[in-house]
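1. predicted coordinates and the sequence they were generated for:
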Amino acid sequence: MATEDLARALAALGVAIQTEQDGLEFYKRAAEKTGDPGGKVLFISLADDELEHLRLVEAQREALVNEGQWLPQPEMAAEAQPAQVEGAPIFSRDALAEDINAYTSELSALRMAYLIEKDAVAFYSKAASETDDPDGKAMYEYLVHMEKEHQRILEDEYNALAKEFWNTMGFEPF
């Protein structure tokens with residue numbers, strides 16, 4: 001791999017590592033803060049996925065530093081899924097009915113998590129389009145697929161929880 005290409009690949013992987021570390025820490029904190037069992041499962045599941053992504057990206061960086069080439073990627077099937085959680089609604093509707101205001105931080109966490117995943121999708125999509133190596137491209141495309149699924153799960157749960165807030169407050173957006 002040419003020196004310039006290697007430098008670009010290592011810079012992108014540095015950003016990817018930071019992205020995955022930040023996501024991991026965010027989800028771990030969100031899991032600790034929520035008192036909702038379903039929410040805890042969701043955030044722990046997402047943290048587990050981010051840890052897996054972090055290990056993948058760190059292994060790629062190590063291979064590039066030591067060998068000057070991308071690790072061969074196993075077939076990363078389009079049906080690969082993040083750790084499974086039940087679909088929305090995840091948060092307990094009984095608990096929501098008792099005290100909807102207790103869930104304001106969960107609503108904020110879901111929105112922030114969605115935005116984190118949206119940014120990750122954009123970054124990995126750009127990295128895939130700028131990577132000529134088939135193994136590097138395959139890794140980024142796999143991460144795009146996984147982060148899009150995280151984004152979908154979070155968006156579904158955010159929308160379900162937000163609807164509960166709106167209903168409780170007697171407000172439905174236009």
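-> Great, that's in hand. Numbering: from 1, shown residues only.

2. strands along this protein, start to end?
-> Here the chain has no strands by DSSP state E.

3. quick one: mean pLDDT for stretch 127-138?
-> Averaging pLDDT along stretch 127-138 gives 94.

4. dump the C-alpha coordinates for that stretch into PDB.
-> The C-alpha trace of stretch 127-138 is given here as PDB (Å, rounded to 0.1, in the frame of the first residue of the first chain):
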ATOM      1  CA  ALA A 127     -14.900   5.900   4.200                       C
ATOM      2  CA  ALA A 128     -16.200   3.000   2.200                       C
ATOM      3  CA  SER A 129     -16.600   5.200  -0.900                       C
ATOM      4  CA  GLU A 130     -13.000   6.500  -0.500                       C
ATOM      5  CA  THR A 131     -11.400   3.100   0.200                       C
ATOM      6  CA  ASP A 132     -10.100   1.200  -2.900                       C
ATOM      7  CA  ASP A 133      -9.100  -2.000  -1.100                       C
ATOM      8  CA  PRO A 134     -11.900  -4.600  -1.300                       C
ATOM      9  CA  ASP A 135     -11.300  -5.700   2.300                       C
ATOM     10  CA  GLY A 136     -11.300  -2.200   3.700                       C
ATOM     11  CA  LYS A 137     -14.400  -1.400   1.700                       C
ATOM     12  CA  ALA A 138     -16.100  -4.600   3.000                       C
END
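
5. now that stretch: buried residues?
-> Buried residues in stretch 127-138, defined by neighbour count with 16 or more other CB atoms under 10 Å: 127-128, 131, 135-138. Quick note: C-beta positions are derived from backbone N, CA and C, even for glycine.

6. from those residues, which is closest to residue 149?
-> For the buried residues of stretch 127-138, the residue nearest residue 149 by CB to CB is residue 128; the value is 16.1 Å.

7. among the buried residues of stretch 127-138, which are located in helices?
-> When these are checked against helices (DSSP state H), the matches are 127-128, 135-138.

8. low-confidence stretches in this structure?
-> Low-confidence segments of the chain (pLDDT under 70): 74-103, 169, 172-174.

9. make it 90
-> Low-confidence segments of the chain (pLDDT under 90): 1-5, 34-39, 41, 72-108, 156-174.

10. nearest residue to residue 46 other than its sequence neighbours?
-> In space, and not counting its chain neighbours, residue 46 is closest to residue 27: 4.4 Å by CB to CB, 6 or more residues apart in numbering.
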